[in-house]
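> Next come a sequence and a model predicted from it.
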Amino acid sequence: MADCIFCKIASGEIPSGKVYEDESVLAFRDLEPQAPTHVLIIPKKHIGSIMALTGADKELAGHILTEVAPAVARSCGVDEGGFRLVANTGADGGQTVGHLHFHLLGGRAMTWPPG
């Protein structure tokens with residue numbers, strides 16, 4: 001999508017604090033961190049939200065959850081102490097960018113409920 005900021009980041013048009021990248025996924029540091037470690041994990045393919053995932057996206061979603069998020073947690077040093085992985089969905093869920101993204105937060109104890 002031409003006007004999607006995350007698509008522009010994924011294509012390299014807008015620079016980011018890259019933490020991880022492969023052919024289908026990019027992870028980068030959040031510009032407004034809510035924890036000592038706050039990384040956004042996005043598919044390079046534009047997908048609006050969790051609700052826009054289809055059966056064709058199973059491999060990509062599995063890749064993010066089973067390979068990318070653990071690799072990012074390890075590289076950021078939060079794998080052993082723990083971290084939170086969040087995908088805000090829709091306005092009431094707190095989604096502010098209409099491109100599927102996961103927040104990986106760590107480096108401190110997380111509280112519950114979150115907000």
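Arrived safely, thanks for sending.

> contacts and neighbour counts: CA atoms only from here.
Fine.

> what pairs with the strand ranked longest in the chain, and is each one parallel or antiparallel?
Taking DSSP state E as the criterion, the chain has its longest strand at strand 37-43. Here strand 37-43 is paired, per DSSP bridges, with strand 25-29 (antiparallel), strand 102-106 (antiparallel).

> now, of the ones you listed, which is deepest in the fold?
By mean neighbour count, with neighbours taken as mean count of other C-alpha atoms under 10 Å, strand 102-106 ranks first of the strands paired with strand 37-43 at a mean of 24.

> quick one, helices of the protein?
5-11, 58-63, 69-76 (DSSP state H).

> who touches the shortest one?
Helix 58-63 is contacted from outside by 24, 43, using C-alpha atoms under 8 Å, 6 or more residues apart in numbering.

> got the CA coordinates for that helix in PDB?
Extracted C-alpha coordinates of helix 58-63, given in PDB (Å, rounded to 0.1, in the frame of the first residue of the first chain):
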ATOM      1  CA  LYS A  58      -0.600 -19.600   7.700                       C
ATOM      2  CA  GLU A  59       3.000 -20.100   6.900                       C
ATOM      3  CA  LEU A  60       3.900 -16.500   7.400                       C
ATOM      4  CA  ALA A  61       2.100 -16.300  10.700                       C
ATOM      5  CA  GLY A  62       3.700 -19.500  11.900                       C
ATOM      6  CA  HIS A  63       7.100 -18.200  10.800                       C
END
